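# A structural model of the following input is requested.
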Amino acid sequence: MTYCLAIDIGASSGRHLLGHLENGKLVTEEIYRFENGMKNEGRTLIWDIEGLTAHVIAGIAKCLEIGKCPATVSIDTWGVDYVLLDSEGKEILPCVAYRDSRTEGIPEEVFTLIPQETLYEKTGIQKQNYNTIFQLYCDKKSGKLQKAASFLLIPEYLAYKLTGVQKHEYTICSTTGLLNAKDCTWDFEVLDALGLDRALFGEIALPATEVGKLAPAVREAVGFDTTVVLCPAHDTAAAVAACPVDEHSVFISSGTWSLVGTENLAPVTTPAAMAANLANEGGIDYRYRFLKNIMGMWLFQSIRRDLEKRYTYDEMMHMAEASSFQEKIDPTSAVFLTPDNMIEAVRTALGKPELPLGDVLNAVYHSLAASYDKTVKELEVIADKKIDTVAIVGGGCKDDYLNRLTAKYTGKRVSAGPVECTATGNLLAQLIYLDKSLTLSAAREIVKATFADTMKYYN
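Predicted coordinates for the structure are as follows:
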């Protein structure tokens, strides 16, 4: 049996899933799971990259323990964040998290060097304070870049820690705001305008490309050798690779963030796309994910944290369903990025400081569904598509109430599933690496066959 290992790491947790093909279907098994999250170091939000690396290796070692050593391993994570390395390949810490406040006001500084309209026309990436371009400019201003010889985005860095090989991957690089959308490579005019050293930015490889074998120390730690390959290293790109979409579909990759978009064969960098704050991020097979970032399940995760996890997500959903309150917040607003208390942030945004918890929750539900509807309508007009289906994938697709509201607000047919779409897309890239005759369309047929019995539909 030939196994592949998908390491799928989100902002709140990570998981290792083994997968193999059996009778034309993908069989998966979760073998390791761990918590992830930002840490507050002084006044800076950071990632514990040493801890992440340790978990990645521990999960690989689990394969030998259960007697199922994979032929390949691949890693996907969230986008934009990175690790700087010096000339000896050592980390220049801390690894700052995208929710940190250091980039406040930075986009406006950058736009004095390269106009926003020019930047969008070149890169096609939506303006978000946390974009890599703005984070790197912060590092330039602080002097942190002076000792840097290279930089690797988080999944690239973790692959480097496994193999000792530094390699960039297309889909994760596309989240930086530094890639030319049409050429699919670093835009050196943008780098030069910001005074960023071209030498930091190495060659970019596509998904299903080999990174290397395990470094000796890692091989000894896990007890066997394997080949690390690139999947669509941005988790949304991996999810969309396995998503049941066609030219008349919109996907919602529903996790900490809700990524609402459609798949195009060419970037759309028009003034209308910029005004709608839509991004053209890279996908597998040089496709484009034309999408918008919406705060997503982060809102519910934060509310549950505020409540000290006294309620399950299902219990919170039922509280919302029992409420008739339907006033709305803007779930794309920066005020919900890192509030001290999400419940109070929602109440403040609504101007209702005494709003009961059930009404707070229902406001979030209706706000998300309404924002999905707004984005779907924007995509139909700007991408010039007739959309008839909304495909919701990822952990958030288990929320029956949000699925029903999405169908109600959009007026579209909604499909829900697969839940583990990101890890599935990760595995598909490994299968394509192992079988060069396997096309993306054929791989997606495997996904349809695998999950046909677990899909849910809403009209």
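# how near is the nearest residue to Arg305 once chain neighbours are set aside to Tyr372?
Using C-beta to C-beta, 6 or more residues apart in numbering and skipping residues adjacent in sequence, the residue nearest Arg305 is Met342, 7.6 Å away. (C-beta placed from N, C-alpha, C; glycine too.) Going from Met342 to Tyr372 by C-beta to C-beta, to the nearest Å gives 20 Å.
# Mind checking which of these two has more residues around it?
Neighbour tally, Met342 and Tyr372, criterion other C-beta atoms under 10 Å: the higher count belongs to Tyr372, 27 against 23.
# Contacts only, for the more buried one.
By C-beta atoms under 8 Å, 6 or more residues apart in numbering, the contact set of Tyr372 is 252, 258, 260, 294, 390, 406, 409-410.
# any idea which of those has the most stuff around it?
Most neighbours among those, by other C-beta under 10 Å: Ile252, with 31 neighbours.
# so that residue makes contact with Cys243?
No - with contact defined as C-beta atoms under 8 Å, Ile252 does not reach Cys243; the gap is 9.4 Å.
# Between the two, which contacts overlap?
With C-beta under 8 Å, 6+ apart, Ile252 and Cys243 have common neighbours 391, 393.
# Okay, buried residues for stretch 118-133 please.
Buried residues in stretch 118-133, counting neighbours by 16 or more other C-beta atoms under 10 Å, are found at 119-133.
# Kindly apply the preceding question to stretch 388-399 instead.
389-399.
# do the same with stretch 135-145
135-140, 144-145.
# do stretch 286-302 as well
287-302.
# Could you do stretch 315-327 as well?
For stretch 315-327, a neighbour-count test (16+ other C-beta under 10 Å) marks 316-317, 319-320, 323, 325 as buried.
# Return the member of the buried residues of stretch 135-145 nearest to Ala279.
Relative to Ala279, the closest of these is Gln135; by C-beta to C-beta it sits at 16.2 Å.
# returning to that earlier point: widest-spaced pair of the buried residues of stretch 118-133?
It's Glu121 and Tyr130 that sit farthest apart of these, by C-beta to C-beta, at 21.2 Å.
# would CSV of the buried residues of stretch 135-145 with distance to Thr450 and secondary structure be doable?
Formatted as CSV, those follow (distance: C-beta to C-beta, whole Å; DSSP: H, G, I helix; E, B strand; the rest coil):
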residue, distance to Thr450, secondary structure
Gln135, 37, helix
Leu136, 39, helix
Tyr137, 43, helix
Cys138, 43, helix
Asp139, 42, helix
Lys140, 46, helix
Lys144, 45, helix
Leu145, 45, helix
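# Pop out the phi and psi values for Leu26.
Taking degrees, to the nearest 10, you get phi -90, psi 120 for the backbone angles of Leu26.
# List the residues that contact it.
Per C-beta under 8 Å, 6+ apart, neighbours of Leu26: 19-20, 424, 427, 446-447, 450.
# Most neighbours among the residues you listed, which one is it?
Neighbour count (other C-beta under 10 Å) singles out Leu427 as the most crowded of the contacts of Leu26, with 32 neighbours.
# what's the distance between the spatially closest residue to that one that is not a sequence neighbour and Ser253?
With C-beta to C-beta, 6+ apart as the criterion, Leu427 has its nearest non-adjacent residue at 4.2 Å, and that residue is Gly19. Gly19 sits 19 Å away from Ser253, going by C-beta to C-beta.
# for Ala237, same thing?
Separation of Ala237 from Ser253 (C-beta to C-beta): 9 Å.
# quick one, longest helix in the chain?
Assignment by DSSP state H gives helix 357-382 as the longest helix of the chain.
# in it, what's buried?
Buried residues in helix 357-382 (16+ other C-beta under 10 Å): 357-376, 378-379, 382.
# My guess is Gly417 contacts Asp453. True?
No - counting by C-beta under 8 Å, Gly417 stays clear of Asp453, with 9.9 Å between them.
# of those two, who's got more company?
Neighbours per residue (other C-beta under 10 Å) separate Gly417 from Asp453, with Gly417 holding more: 22 against 7.
# and the residue lying closest to the more buried one once chain neighbours are set aside, how many neighbours?
Leaving aside its chain neighbours, Gly417 sits nearest to Met455 (4.5 Å; criterion: C-beta to C-beta, 6+ apart). A count of nearby residues for Met455, using other C-beta under 10 Å, gives 14.
# residues contacting Met455?
So Met455 contacts 244, 415-418 (C-beta under 8 Å, 6+ apart).
# Then Val364?
Applying C-beta under 8 Å, 6+ apart to Val364 gives the contacts 299-300, 303, 320, 329, 331, 346.
# and which of those is nearest to Leu162?
Among the contacts of Val364, and counting by C-beta to C-beta, the member closest to Leu162 is Phe300, at 33.2 Å.
# next one: phi and psi at the closest one?
Main-chain torsions, Phe300, degrees, to the nearest 10: phi -70, psi -40.
# Mind pulling the model confidence for it?
Listed pLDDT for Phe300 reads 97.
# Distance of it relative to Gln326?
17 Å.
# can you check Asp81 too?
Relative to Gln326, and taking C-beta to C-beta, Asp81 is found at 35 Å.
# quick one, what contacts Gln128?
Remark: with contacts taken as C-beta under 8 Å, 6+ apart, Gln128 is in contact with Asn293.
# Which strand or helix spans it?
For Gln128, there is no helix or strand it lies in under DSSP states H and E.
# does Gln326 count as helix, strand or coil?
coil (DSSP: H, G, I helix; E, B strand; the rest coil).
# What residues does it make contact with?
362-363, 366.
# pLDDT score for it?
Confidence at Gln326, expressed as pLDDT, is 97.
# cool, and the one 4 residues further on?
According to the predicted model, the pLDDT of Asp330 comes to 96.
# Could you do Leu337 as well?
pLDDT, Leu337: 89.
# residues contacting the nearest residue to it once chain neighbours are set aside?
Excluding the flanking residues, the one nearest Leu337 by C-beta to C-beta, 6+ apart is Arg99, at 5.7 Å. By C-beta under 8 Å, 6+ apart, the contact set of Arg99 is 38, 45, 130, 337-338.
# One more: Lys167?
156, 159-160, 202-203, 205, 209, 211, 230.
# Out of those residues, which end up buried?
For the contacts of Lys167, buried by 16+ other C-beta under 10 Å: 156, 159-160, 205, 211, 230.
# which of those residues sit farthest apart?
Pairwise distances across the buried ones among the contacts of Lys167 peak at 13.0 Å for Tyr160 and Ala205 (criterion: C-beta to C-beta).
# What's the first helix or strand after whichever strand or helix holds Glu445?
In this structure, Glu445 sits in helix 440-451 according to DSSP H and E. Note on helix 440-451: by DSSP H and E, the next helix or strand toward the C-terminus is strand 456-458.
# next one: that following strand to chain centre, how far?
The chain centre lies 24 Å from the centre of strand 456-458; the measure is C-alpha atoms, centre = their mean, to the nearest Å.
# likewise stretch 20-40?
16 Å.
# Equivalent analysis for stretch 42-49, please.
That offset, for stretch 42-49, works out to 19 Å (C-alpha atoms, centre = their mean).
# Any idea how far apart the tips of that stretch sit?
Counting by C-alpha to C-alpha, to the nearest Å, you get 17 Å between the two ends of stretch 42-49.
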